[in-house]
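S.K.: Below is the sequence, then the predicted model.
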Amino acid sequence: MSILFTPFKLGNLQLRNRFVFSACEDNLASEDGAVTESTLKKNATLARGEVGLIISSHMAVHPSGRTRIHQTGIYADNMIAGLKALARSVHEHEGKIIFQLGHSGAPDKSNTGGQKPADSYAVNSMNEDNLSPYFNHREDSWGGCEENRFRLLKEIILAVKNVLPAGMPLLVKLNSNDYTRTQGITPSLAVDYAKRLADIKIDGLEISCGTTALSPWHVCRGDIPIQEILAMYDPPARPQIETALKKMQEAVRFAEGYNLEATQMIRPVMGEIPLFAVGGWRNVSSMENAVQSGYTDLISMCRPLIREPRLVRRIREGKTSASSCTNCNKCYMSVRKGIPLRCYSKGLPQ
Ligand SMILES: Cc1cc2nc3c(=O)[nH]c(=O)nc-3n(C[C@H](O)[C@H](O)[C@H](O)COP(=O)(O)O)c2cc1C
């Protein structure tokens, strides 16, 4: 049996295999942030497709931290019933689900229907942007040195741990490189943060790269959907944007398992804490090699499972040895356009 189909224990969660659906915004919630039938259907389909662990779309922990009108929320008591139904929709098919908590912090909220950001930069315990020296210029106890820059994430993690039932795993998604022009997170700084996360005993670490604000095409390497982006701008602005995007395209070319090198660098400081490499897993043989060689414990995928929610089952049944995702990134654009998530490789609606 392939190592990819061996069970894995994550905290007290028994996962049936090594495949993870990496967090994915979906624009499927109602305007007030509630889980809908579409949310349940999407996640049940993934669980029926035998994904071992599903990480939800990033859920707003407060109305001020919403990124989009149809983003799922996790900040009001009347949301609990829907969130429970979401967990059940996955458990019914022997899957497991973890909710990704998010606060969008400072970015523009004009497309969200959300409130203005608060003055303080309260941020996602599962997101990395607040850690970066590029974004964090504070000189008080929340900035100025790595220990201080790490403090907000640490405080959030400790507070969440405090209310989590024993054995319920707390994961962090860590940016290993934010590709900013002046210094931000670099792979060696990511190793430093990973060590700090290991010291406070998180239960798993997912290694990513890029930031949605400044380097989104590093998060999702592949084709930049230039024409779709240009269509969002007034014609006079387009030539300059087109030149910039074409220049950027070279830097974000797709590569198989493109965060594995950073994951390897981080591995030695993590001890027994499970690692999830995300980004660019398309061929079963490279996934197997990565797990077999001990660089990562779990294989996180996003775009391939948007395209083929039953991909894991098809791999197990020997029906395929690779994802058919072409990294066109139109799914990523669909999220930005505020329309329901699916594979739009044949074209986005105008
Ligand atoms: C449509 C879409 C939505 C995403 N939403 C999130 C999100 O809510 N939270 C997050 O941490 N990452 C998000 N990501 C990034 C993915 O989790 C993943 O890190 C990235 O797509 C690279 O993996 P892949 O090559 O398997 O797609 C999103 C990616 C896509 C394509």
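M.R.: Sure thing, it's come through.

S.K.: Okay, strands next: where are they in the stretch 1-150 of the chain?
M.R.: All strands of the stretch 1-150 of the chain, identified by DSSP state E, counting those that start in this stretch, fall at 8-10, 13-15, 19-21, 53-60, 96-102.

S.K.: Take these and write them to CSV, including distance to the ligand and mean neighbour count.
M.R.: The C-beta positions use only the backbone N, C-alpha and C, and glycine is treated the same way. Output for these, formatted as CSV (distance: least, C-beta to the nearest ligand atom, whole Å; neighbours: other C-beta atoms under 10 Å):
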stretch, distance to the ligand, mean neighbour count
strand 8-10, 17, 17
strand 13-15, 18, 16
strand 19-21, 8, 29
strand 53-60, 4, 26
strand 96-102, 6, 22
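
S.K.: Mind jotting down where the strands sit in the stretch 151-300 of the chain?
M.R.: Using DSSP E, counting those that start in this stretch, strands in the stretch 151-300 of the chain cover 171-175, 204-208, 275-278, 298-301.

S.K.: With distance to Ala85 and mean neighbour count as extra columns, can I get these in a markdown table?
M.R.: Output for these, formatted as a markdown table (distance: least, C-beta to C-beta, whole Å; neighbours: other C-beta atoms under 10 Å):
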| stretch | distance to Ala85 | mean neighbour count |
| --- | --- | --- |
| strand 171-175 | 22 | 25 |
| strand 204-208 | 25 | 26 |
| strand 275-278 | 26 | 26 |
| strand 298-301 | 24 | 24 |
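
S.K.: Turn these into CSV, columns for mean pLDDT and distance to Leu341.
M.R.: Formatted as CSV, these follow (pLDDT from 0 to 100; distance: least, C-beta to C-beta, whole Å):
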stretch, mean pLDDT, distance to Leu341
strand 171-175, 96, 18
strand 204-208, 98, 18
strand 275-278, 98, 17
strand 298-301, 98, 15
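
S.K.: Save the ones you listed as JSON lines, and put in distance to the ligand too.
M.R.: Shown next, in JSON lines, are those (distance: least, C-beta to the nearest ligand atom, whole Å):
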{"stretch": "strand 171-175", "distance to the ligand": "5"}
{"stretch": "strand 204-208", "distance to the ligand": "5"}
{"stretch": "strand 275-278", "distance to the ligand": "4"}
{"stretch": "strand 298-301", "distance to the ligand": "4"}
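
S.K.: now those strands in JSON lines, with distance to Ile80?
M.R.: What follows is the strands of the stretch 151-300 of the chain, written out as JSON lines (distance: least, C-beta to C-beta, whole Å):
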{"stretch": "strand 171-175", "distance to Ile80": "21"}
{"stretch": "strand 204-208", "distance to Ile80": "25"}
{"stretch": "strand 275-278", "distance to Ile80": "27"}
{"stretch": "strand 298-301", "distance to Ile80": "27"}
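
S.K.: quick one: contacts for Pro7?
M.R.: Pro7 makes contacts with Gln14, Leu15, Arg16, Asn17, as judged by C-beta atoms under 8 Å, 6 or more residues apart in numbering.

S.K.: which residues does the residue lying closest to Met270 once chain neighbours are set aside contact?
M.R.: Counting by C-beta to C-beta, 6 or more residues apart in numbering, Met270 lies nearest to Ala198, which is 5.2 Å off, once chain neighbours are set aside. Shown in contact with Ala198 (C-beta under 8 Å, 6+ apart): Val269, Met270, Gly271, Ile273.

S.K.: Now do Ala198 against Ala60, distance only.
M.R.: Ala198 is 28 Å from Ala60, where distance means C-beta to C-beta, to the nearest Å.

S.K.: just to revisit the earlier point, pipe the strands of the stretch 1-150 of the chain into JSON lines and attach distance to Ile226 and mean pLDDT per row.
M.R.: Shown next, in JSON lines, are those (distance: least, C-beta to C-beta, whole Å; pLDDT from 0 to 100):
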{"stretch": "strand 8-10", "distance to Ile226": "39", "mean pLDDT": "97"}
{"stretch": "strand 13-15", "distance to Ile226": "38", "mean pLDDT": "97"}
{"stretch": "strand 19-21", "distance to Ile226": "28", "mean pLDDT": "98"}
{"stretch": "strand 53-60", "distance to Ile226": "26", "mean pLDDT": "97"}
{"stretch": "strand 96-102", "distance to Ile226": "28", "mean pLDDT": "96"}
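
S.K.: Pipe those into TSV and attach distance to Glu206 per row.
M.R.: Formatted as TSV, those follow (distance: least, C-beta to C-beta, whole Å):
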stretch	distance to Glu206
strand 8-10	12
strand 13-15	14
strand 19-21	8
strand 53-60	8
strand 96-102	10
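
S.K.: No further queries at this time; thank you.
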